[in-house]
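S.K.: pasting the structure only:
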Ligand SMILES: [Cu+2]
């Protein structure tokens, strides 16, 4: 027993030593202006999609507040855990000492119920980032928010800005969702109406492809596994932002904080110009739509038109739902709808690929198919 303990101490010790040395090689941070935030994590009942459910909030909201800094500041963030379970916050994409990265049991101790952890680090970059819980499935139920860093000197021209935090919402307990997925049934595909009926499969002459799927213990082609009753932008399915006036150049800071949803983004006018990806500025390029994957961030600049408002729309990749915000006043310039993906064509294509590449390994180890990644 003692031996085991000694081994564990030996394994963990380097992490803490590393944290200490990283702190000391941070350079002189004493002169940096300090900016402080407090994030309070609570368990609360909220109604986001037609049902009151117990979830997790940060300072009483979902998503949590946007933390805003300027490059060169020293961030101090107190995370108060008022829940009855342990928690953690990971700062996605931020350059910081390993000890404050917030991955429990790996870099940072978990935040026990009733405890507060003080995160502190120098802000050495600029751009759009986010933070999220790294404990169990807490990110799915509300532990996430945006993290915005302004450069010392702004080089991009715009008048106003707006954070758009995208997410997916379930009224079920995430652990129950996980159990359902592990069962390997097609329950969620039926719920969200994206399963493909057999008569349609036969009509489209895809029965061979379907047999191929069944042989590999898969029900059929689908893009997403979970049924979500709602997709949200800043915690809502539809929001008006009338404070943006005609001619305003608005910088949209878009983050996909979904737990398992990739989205198509479309704009109803406004000359959308992509200026940044994952916190890094890019050569500005005009783009009418973009595909955003989980945890990615894109910044766009749009100009509010003279005679109406712009619709900004997200469509779940599997075609199971949308959400919108509107910028400006008057008649809406509608964002184009994204056509639903053709699942049967996908299935045929995958079956063909499978024959070419020969997925022997899968065929002889069918149990592997049930392992979650
Ligand atoms: Cu992350």
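M.R.: Sure, I can see it. Predicted model, so just to flag it, every value in this text is computed and none were measured.

S.K.: what bridges to residue 40?
M.R.: Note on residue 40: beta-bridge partners by DSSP bridges are residue 80.

S.K.: report how many residues lie close to it.
M.R.: Around residue 40 there are 16 other residues, counting by other Cβ atoms under 10 Å. Glycine gets a C-beta too; all of them are placed from N, C-alpha and C.

S.K.: and it, how far is that from residue 336?
M.R.: Applying Cβ to Cβ, to the nearest Å, the value for residue 40 to residue 336 is 40 Å.

S.K.: what about the helices in the protein?
M.R.: 2-24, 174-183, 187-191, 198-203, 207-215, 343-357, 360-364 (DSSP state H).

S.K.: least confident of the ones you listed, on average?
M.R.: Note on these: lowest mean pLDDT is at helix 360-364, with a mean of 42.

S.K.: who's in contact with residue 93?
M.R.: Counting by Cβ atoms under 8 Å, 6 or more residues apart in numbering, residue 93 makes contact with 127, 129, 130, 278, 279, 297.

S.K.: for the nearest residue to residue 92 once chain neighbours are set aside, list each beta-bridge partner.
M.R.: In space, and not counting its chain neighbours, residue 92 is closest to residue 130: 5.1 Å by Cβ to Cβ, 6 or more residues apart in numbering. Residue 130 forms beta bridges with residue 92, residue 146, as assigned by DSSP bridges.

S.K.: is it true that residue 130 touches residue 297?
M.R.: Yes: look at residue 130 against residue 297 with Cβ atoms under 8 Å: they come within range, at 6.9 Å.

S.K.: what residues are shared contacts of those two?
M.R.: Common neighbours of residue 130 and residue 297, using Cβ under 8 Å, 6+ apart, are 93, 255.

S.K.: okay, now the domains of the chain?
M.R.: The record's domain parsing of the chain by automatic domain parsing lists 27-152, 174-227+342-370, 230-333.

S.K.: which residues of the stretch 51-200 of the chain score low on pLDDT?
M.R.: By pLDDT under 70, the low-scoring segments of the stretch 51-200 of the chain are 184-187, 190, 192-195.

S.K.: for residue 41, give its distance to residue 61.
M.R.: 12 Å.

S.K.: my error: substitute residue 299 in the last question.
M.R.: Relative to residue 61, and taking Cβ to Cβ, residue 299 is found at 23 Å.

S.K.: of the two, who's got more company?
M.R.: Neighbours per residue, other Cβ under 10 Å: of residue 299 and residue 61, the larger number sits with residue 299, 25 against 14.

S.K.: give me the beta-bridge partners of that one?
M.R.: residue 253, residue 276.

S.K.: in contact with it, which residues?
M.R.: Applying Cβ under 8 Å, 6+ apart, one finds that residue 299 lies in contact with 127, 128, 251, 252, 253, 254, 274, 275, 276, 277.

S.K.: among the residues you listed, which one is most surrounded by other residues?
M.R.: Going by other Cβ under 10 Å, residue 128 tops the contacts of residue 299 with 26 neighbours.

S.K.: pretty sure it sits against residue 279.
M.R.: Yes: when contacts are counted by Cβ under 8 Å, residue 128 is listed as touching residue 279 (5.7 Å).

S.K.: overlap in contacts of the two?
M.R.: Taking Cβ under 8 Å, 6+ apart as the contact rule, residue 128 and residue 279 both touch residue 297.

S.K.: related to what we said a few turns ago, could you check how far the residue nearest to residue 92 is from residue 256?
M.R.: Distance from residue 130 to residue 256, by Cβ to Cβ: 9 Å.
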